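Below are the sequence and a predicted model for it; my questions follow.
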Amino acid sequence: MTDQITQSSPKTRRRNQQERGDVTKTKLLEAAIQEFSERGDDGVTLRDIETAADVQRSLVKYHFGGKEEIFKAVVDEVFSSLESFRSSRRQTEQDLSPKERLAFRVRSFVRYSATRPALNRLMSQEGKRDSWRLRYILDAFLRRAVNDTKDMAVEHLSLTSEEFCHWYYLYVGSGAFVFSMAPEAQKLFGIDVKSDEFIDRHAHIVADMLLSVMGRVDQLQSTS
């Protein structure tokens, strides 16, 4: 009777093994996000990821298959997280005017970037050169996300494709860069850019700037 109580069943052992495996896989993925976003693919080995995750050797290959597979898993996780964040706010967005919908989209991007600076850091690494990694990001996520934002910006701001290119990189840079540089901001200005107050103010400043910047550029060009 005692043996029946204390001995775990095969089903229980399998469930425990699966749970441990899930925990290990999550640790590896989070470590890989950190490593790839800060050091780039060329600067990261599978062992680096395993060391950062504090797991045994060869577990990246066991759970993911190899470096290419875990890189794709990192991209899937970061961009899916952004899409989930936007989806959770989509109902509010639908009830807004076109102008406020665009502003809300900008503020949403700022708020996401504050909680997940790895997205901007990863794109800073991979956007610098043509590679299969950049093409995977573009084809799997980025083109669709950018075109969605472009439709909103063009509708409200009447931008040409070239003007949207200017606008887009202002959007990405002003919306995300400060959160990637949090230690610098702390040292330079004594500001915690991760505080709710800073994030809220930054979100509104960036949205206000982006919704008016192209009009100011047109005015400057007409007087130059």
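Structure received. Numbers count the residues shown, from 1 in each chain.

And the helices in this protein?
Applying DSSP state H to the chain gives helices spanning 2-6, 10-39, 46-53, 59-63, 67-88, 90-94, 98-115, 118-126, 132-137, 143-157, 161-180, 182-189, 196-223.

Spatially, and excluding backbone neighbours, which residue is closest to D208.
A103 (7.7 Å; C-beta to C-beta, 6 or more residues apart in numbering). For glycine as for every other residue, the C-beta is placed from the backbone atoms N, C-alpha and C.

show me what contacts the closest residue to V106 other than its chain neighbours?
Counting by C-beta to C-beta, 6+ apart, the nearest residue to V106 once its immediate chain neighbours are dropped is A207, at 4.2 Å. Neighbouring residues of A207 by C-beta atoms under 8 Å, 6 or more residues apart in numbering: A103, F104, V106, R107, V110.

which one among those gets closest to D42?
Set against D42, the nearest of these by C-beta to C-beta is V110 (29.9 Å).

S87 versus the closest one, what's the distance?
17 Å (C-beta to C-beta, to the nearest Å).

Looking at those two, which one has more neighbours?
Neighbours were counted for V110 and for S87 using other C-beta atoms under 10 Å; V110 has more, 23 against 10.

Let me know the pLDDT of the nearest residue to that one once chain neighbours are set aside.
Excluding its sequence neighbours, the residue lying closest to V110 (C-beta to C-beta, 6+ apart) is A203, at 4.0 Å. pLDDT, A203: 98.

Likewise for S212?
90.

Equivalent analysis for the one 3 residues further on, please.
The predicted local distance difference test score for G215 is 55.

circling back: would you mind finding the most buried of the helices of the chain?
helix 118-126 (a mean of 21; mean count of other C-beta atoms under 10 Å).

and that helix, how far from the chain's centre?
Put simply, helix 118-126 sits 8 Å off its chain's centre (C-alpha atoms, centre = their mean, to the nearest Å).

Need the residues that contact it.
33-34, 36-41, 74-75, 78-79, 82, 112-113, 133-134, 137, 172, 176-177, 179-180.

Please repeat the previous calculation with a cut-off of 6 Å.
With contact meaning C-beta atoms under 6 Å, 6 or more residues apart in numbering, helix 118-126 is reached by I33, S37, G40, V78, S113, R133, L134, A176, S180.

before we move on, what about stretch 85-98?
Residues contacting stretch 85-98 (C-beta under 6 Å, 6+ apart): R101, F104, S108, Y112, E155, H156.

Stretch 160-173 too?
With contacts defined as C-beta under 6 Å, 6+ apart, stretch 160-173 is touched by K150, A153, L210.

Not counting its neighbours along the chain, what's nearest the first one?
Same thing as K150. Closest to K150 by C-beta to C-beta, 6+ apart is F164, at 5.4 Å.

is it possible to export the contacts of stretch 160-173 to a markdown table including distance to T26?
Shown next, in a markdown table, are the contacts of stretch 160-173 (distance: C-beta to C-beta, whole Å):
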| residue | distance to T26 |
| --- | --- |
| K150 | 34 |
| A153 | 36 |
| L210 | 35 |
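
Which of these sits closest to F64?
Using C-beta to C-beta, the contacts of stretch 160-173 come closest to F64 at K150, 33.2 Å.
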